[in-house]
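Visitor: Mind folding the following:
(2 chains)
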Amino acid sequence: MFKQNLEKISYPKIEEEILKFWQENKIFEKSISTRDENRSFTFYEGPPTANGKPGIHHVMARTLKDLVCRYKTLKGFRVERKAGWDTHGLPVEIEVEKSLGIKHKSEVIEYGIEKYNQKCRESVFTYLDLWEKMTTRMGYWIDLDSAYITLDNKYIESVWWALKTLFDKGLIYKDYKIVPQDPKSETVLSSHELALGYRETKDPSVYVLFQRLDADEYFLVWTTTPWTLISNVALAVGPDIDYVKIKTNGKVLILAKDRLSVIDGDYEILEELKGKDLLGVEYEQLFDYCDVDRKAFYVIAGDFVSTEDGSGIVHIAPAFGADDYEVSKKYNLPMLQPVTRSGVFTDEVTDFAGQFVKDADNGIILKLKKEGKLYKKETILHTYPFSWRHQDVPVIYYARESWFIRTTSVAKRMVELNKTINWQPPEVGAGRFGNWLEENKDWALSRDRFWATPLPIWVSDDGDMFAVGSIEELKQGFIEDNGKRISVADVENLDLHKPFVDKILFERNGKIYKRTPEVIDVWFDSGAMPFAQYHYPFENKENFEKKFFPADFICEGIDQTRGWFYTLHAIATMLFDSVAFRNVIVNELILDKNGMKMSKSRGNTVDPFDLFDKYGADTTRWYLVTNSPPWRPTLFDEEALVEVQRKFFGTLVNTYSFFALYANIDKFNFSDSPVPYNERPEIDRWIISKLNALVEEYEKQMDAYDVTKAARAVSDFTIDQLSNWYVRRSRRRFWKSEMNKEKLSAYQTLYECLVTVAKLTSPFAPFIAEEIYRNLNTVTKKENYESVHLADFPSITYREPELEEKMDVAQKVVYLTRAIRAKNNLKVRQPLKRMMVVVEKDKRDALAKMKDVILDEVNIKELVVLDDDSEIVNKTAKANFKSIGPKFGKKVKAVAELIKNFGKDEIRRIESGENIETEIDGDKLLISKDDVEIMSHQIEGWVVESEEGVTVAIDTELNEKLIEEGLAREFVNRVQNMRKDAGFDVTDKINISFTGNAELVKAIINFSDYISNETLAEKLISEKITDGGFRQDWKIGDFECSIRIEKI
RNA sequence: GGGCCUGUAGCUCAGAUGGUUAGAGCGCACGCCUGAUAAGCGUGAGGUCAGUAGUUCAAUUCUACUCAGGCCCA
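Guide: Numbers count the residues shown, from 1 in each chain, chains lettered A, B, ... in the order given. As a prediction, the model looks like this:
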């Protein structure tokens, strides 16, 4: 027996059962182990940080990942996929700091790094349970048991191997760089971290006067960071920019000519000069807190100087700006940095010592004003980065010694390799990611924090250094305990984190080497996952090189462009001169219904678990994939989920239920051999052909990673073709009591459609697909798979394109006919005498063949295919612009008008292939057949409807017989409704008694065979209705009528 | 300020190598159909295809600019 009443079970409940089934029967494991080892499809899981709650956008990314992997499995690939967790880094530390009430980095040291890192380690797994639950519940198949975890020694060892390799290649170096840093955590921010904090803010915008040493003149200089003025060492001008010397308010000022608009009040231009004329001019130090050890305080050239804002003269503070630092190296300028790492002025700056630099702005401006060095002060609104973890803490650009990876040395290669990656959507790869690579800057690798992979570089007092690339090498080091050296090899439970690794020393050539204290950017951890997840090169060397690298497919959110996508790509390029991934789907954000970003503070987030409980994971997954392409921002709308469930899943399940209901009645179990396709009725061949067309389309889209189109195609087929046409049209064949070849063919056909649709649906909605597949296959045992996810992708078995086209025509005619009936208030139950169809010649044959389908569908007795040159067809002509456009150019409009006015005669001539000669503006023109579209819109005296070359007309005249038949149909309809209301089974036989007026009774009697047959009535008696049975009163047309039915 | 994307019906989305009737679903109104369907079908109302300019015989489609939204980068 096929399982029945599927439509009455809740989706979440089915899903729970399927989950149990998968688990108990290890279906996921089998979906890998049963696939050929030599046909691997490699997928990389981007490790989420498990210390935050999973949200709906994670469901989106995971759905995409899962469905591609499941699809590839269907296609016979072996898709091994390991889960992974990102466990290091500042986000983890921030959480721990919060819980410990730590506000500043120094407090961590007081608290104890060992204890602190232990807390970090513990906190990482706070949400792991939730993540695993979500992963399992949504049906995301990934190996959670063998998940890679970035804090594991093995993982770190692989990362160290990578770092040592880069170090030995000379790609890691130490330098000053101006880096954005979070003054609160005293930590350098990576560009991706920095990006999180940009927001609009008000800052002072001040114009400052720098006095020339050689003249009583002033340079007018603009800045939005007054606190950096204390560290000023030079002024930069654009050598080719025009400057002016002006007299205003009794002072002589120098500024760019294009910036004169910043001058308040009247001025007089004294002199015009080029920037290069100013080079070398010395000026008086603005504030004298700091001494310099080199020549400073003069005008230099800077190519970054613009006249878009400010005064065209840029103040240079090498410690606090990237451009500043670059240019200062060129001129060998001193660097003044009277600011601590936490953004506070040092004692040197006596007036502002201990003040946070941004807070000192006002005081500095006041001092300038007092000393007459301020020209004017305004406030500007601009975007400025703030710390992404500490609200209202502005990022400070600061010169720090840092370790860098020389990614610029492979920048070109990265660009080249990127061109071989298939990005979905392509513009992210070519545009966003490509541009980022073009502008590549060296990767700031080090972080002065605690909970991360330690940088494995050991340095001696004289600056000699080496990198350690394995635990084996580390064992050559020692630690000191009470003055005794203990070899690392003898240490139990090695932990490759701080503070332990900091205790390890090496002695080489009589020198002692100590580890540099920094840890590394967590993004290096995740970028190293292709090899680190397999502990390469210490283990799995062969498999890695053969199978696990590079990935065939990855998928993450757009926010990973500069994050994981970049680090994967950069590391793979540097280490293996290869891409890290061949195909990538980039998914966009999920916004709320109103297009707002979802965030905890807005309270508009969606809890995935709620959705799973309410609608099921399948519905959620299907919705996310089909609503809009994943690489477009999705506006999340819960009501649309309801619709998805009703429309697609409802229809699919009902189609299955229909099949199950009748297959059980007929004891169909597919034990007979299949009826050859070419022996099946037309409608069966048609749906099988359509089904195969769907498989083709699906495969094409999936292989192009356009998963939305693939899923939409499945949905359209299921709803429009399978359910609303095939099943509806074929219902009667299933009702028939006797089993014959024709009926067998119907069962086999519908069965095949359901199994195939289940397979195509399975990557997207793995639960319901499993349910349907198993319900079918367990009974028939047609395939030897215990799960749809172990099955093979359907192969193309049968196509009959001409038949598909024919049915298209028939469907079009039916739709038009129904439109006429609707417009003229002619119920479909009322049979009509005749319809006429006018079509183009090449479709006439198709139409004739589809006659029966059409007539049955629209309840009309006769179909006349009309010759379109028949007298009663009225034709009009229309210009074919595609043809006349290129031919007649400017005369198009006149020609079109001419064609529109063609009469019967011209149309006939054109149709017979004759050219029509005409004259416009004195030029002779020839209008040929291709230039004209002939339409047969009207048939004289008939109601018509037409569309794209098909015109349908129906004869609305009724006769007595037709009216009687209409009444009989109405009667059947009432009886059927009663059967349903009475709760009779579809196979129950009944007796009917009825009363009504003479006309109705006559109709019923005349059509009694038809009525009995339709309603499974043994007796159909016109009599006074007595008590008993199930009775209802009806109005049929204008007639009253009472009906009683009883089960026999 | 720069880069990329988006703007089509009240809402969510299709589509168009440039061609004269721009589609679907939801919602609304009316009607139909129902022996699987808490379904389905039809009709109707609803669109200056964001705006402006240009190229062209012809632009919603191509180009430029503008506006609005989003993301990324400064």
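Visitor: Residues of the stretch 801-950 of chain A that sit close to RNA strand B?
Guide: Applying CB under 7 Å from any atom of the strand, one finds that the stretch 801-950 of chain A approaches RNA strand B through A:815, A:818-819, A:821-823, A:825, A:827-829, A:878, A:881-882, A:885-886, A:889-890, A:892-893, A:896, A:935, A:946-947. (Glycine included, C-beta is placed from N, CA and C.)
Visitor: If we use 6 Å, what do you get?
Guide: Neighbours of RNA strand B within the stretch 801-950 of chain A, by CB under 6 Å from any atom of the strand: A:815, A:818-819, A:822-823, A:825, A:827-829, A:881-882, A:885-886, A:889-890, A:892-893.
Visitor: Mind giving me the ChimeraX command for buried ones among these?
Guide: Per 16 or more other CB atoms under 10 Å, the buried members of these correspond to this ChimeraX selection:
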select /A:818,828
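Visitor: Restricted to strands, list the residues of the stretch 801-950 of chain A next to RNA strand B.
Guide: Here DSSP state E is the test, and these give no hits in strands at all.
Visitor: Any regions of the stretch 51-200 of chain A where pLDDT drops low?
Guide: Applying pLDDT under 70 to the stretch 51-200 of chain A picks out residues A:51, A:190-200.
Visitor: Quick one: the strands in it, in order.
Guide: Remark: strands assigned in the stretch 51-200 of chain A by DSSP state E, counting those that start in this stretch are A:82-85, A:143-149, A:172-182, A:187-188, A:198-211.
Visitor: And the stretch 901-1048 of chain A, by the same measure?
Guide: Counting by DSSP E, counting those that start in this stretch, the stretch 901-1048 of chain A has these strands, from start to end: A:916-920, A:923-927, A:932-939, A:943-947, A:950-955, A:990-996, A:1017-1022, A:1030-1036, A:1039-1047.
Visitor: Would you reformat the ones you listed as TSV and include mean neighbour count and mean pLDDT?
Guide: Below are the strands of the stretch 901-1048 of chain A laid out as TSV (neighbours: other CB atoms under 10 Å; pLDDT from 0 to 100):
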stretch	mean neighbour count	mean pLDDT
strand A:916-920	13	76
strand A:923-927	14	76
strand A:932-939	18	70
strand A:943-947	17	70
strand A:950-955	23	78
strand A:990-996	20	83
strand A:1017-1022	15	81
strand A:1030-1036	15	77
strand A:1039-1047	18	81
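Visitor: Can I get these in CSV including distance to A:Glu186?
Guide: As requested, those are exported to CSV (distance: least, CB to CB, whole Å):
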stretch, distance to A:Glu186
strand A:916-920, 82
strand A:923-927, 82
strand A:932-939, 76
strand A:943-947, 72
strand A:950-955, 76
strand A:990-996, 87
strand A:1017-1022, 90
strand A:1030-1036, 84
strand A:1039-1047, 85
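Visitor: hmm, back to that, quick one: closest of the strands of the stretch 51-200 of chain A to RNA strand B.
Guide: Closest approach to RNA strand B among those is made by strand A:198-211 (4.6 Å; CB to the nearest atom of the strand).
Visitor: The closest one pairs with which strands, and in what direction?
Guide: strand A:217-223 (antiparallel), strand A:374-385 (antiparallel) (DSSP bridges).
Visitor: export the longest one as CSV, just CAs?
Guide: The C-alpha coordinates for strand A:374-385 follow below in CSV (Å, rounded to 0.1, in the frame of the first residue of the first chain):
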residue,chain,number,x,y,z
LEU,A,374,43.6,79.7,13.6
TYR,A,375,42.1,81.1,10.4
LYS,A,376,38.7,79.6,10.9
LYS,A,377,36.9,76.6,12.4
GLU,A,378,33.9,74.8,11.0
THR,A,379,32.2,71.5,11.6
ILE,A,380,31.8,68.9,8.9
LEU,A,381,29.7,65.8,8.6
HIS,A,382,31.6,62.9,7.1
THR,A,383,31.9,59.2,7.4
TYR,A,384,34.7,58.0,9.7
PRO,A,385,35.5,54.6,11.0
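Visitor: For that strand, what is the distance to the chain centroid?
Guide: From the chain centre to the centre of strand A:374-385 is a distance of 39 Å (CA atoms, centre = their mean, to the nearest Å).
Visitor: With the shortest one instead?
Guide: On the basis of CA atoms, centre = their mean, strand A:217-223 is displaced by 50 Å from the centre of the chain it belongs to.
Visitor: picking that back up, can you list the strands of the stretch 51-200 of chain A in TSV and add mean neighbour count and distance to RNA strand B?
Guide: As requested, the strands of the stretch 51-200 of chain A are arranged in TSV below (neighbours: other CB atoms under 10 Å; distance: least, CB to the nearest atom of the strand, whole Å):
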stretch	mean neighbour count	distance to RNA strand B
strand A:82-85	22	22
strand A:143-149	16	25
strand A:172-182	19	8
strand A:187-188	22	13
strand A:198-211	17	5
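Visitor: For A:Asp1038, which of the strands paired with strand A:198-211 is the nearest?
Guide: Nearest to A:Asp1038, of all the strands paired with strand A:198-211, is strand A:374-385, at 75.5 Å by CB to CB.
Visitor: and the closest one with strand A:172-182, angle?
Guide: 110 degrees (axes from the mean of the first three to the mean of the last three CA atoms, to 10 degrees).
Visitor: Can you name the residues bridging to the closest residue to A:Thr379 other than its chain neighbours?
Guide: Among residues not flanking A:Thr379 along the chain, A:Lys202 sits closest, at 5.3 Å (CB to CB, 6 or more residues apart in numbering). Per DSSP bridges, the residues bridged to A:Lys202 are A:Leu381.
Visitor: Also A:Ile927?
Guide: A:Ile916.
Visitor: quick one, what contacts it?
Guide: Counting by CB atoms under 8 Å, 6 or more residues apart in numbering, A:Ile927 touches A:Ile884, A:Val895, A:Leu898, A:Ile899, A:Ile910, A:Asn915, A:Ile916, A:Glu917, A:Thr918.
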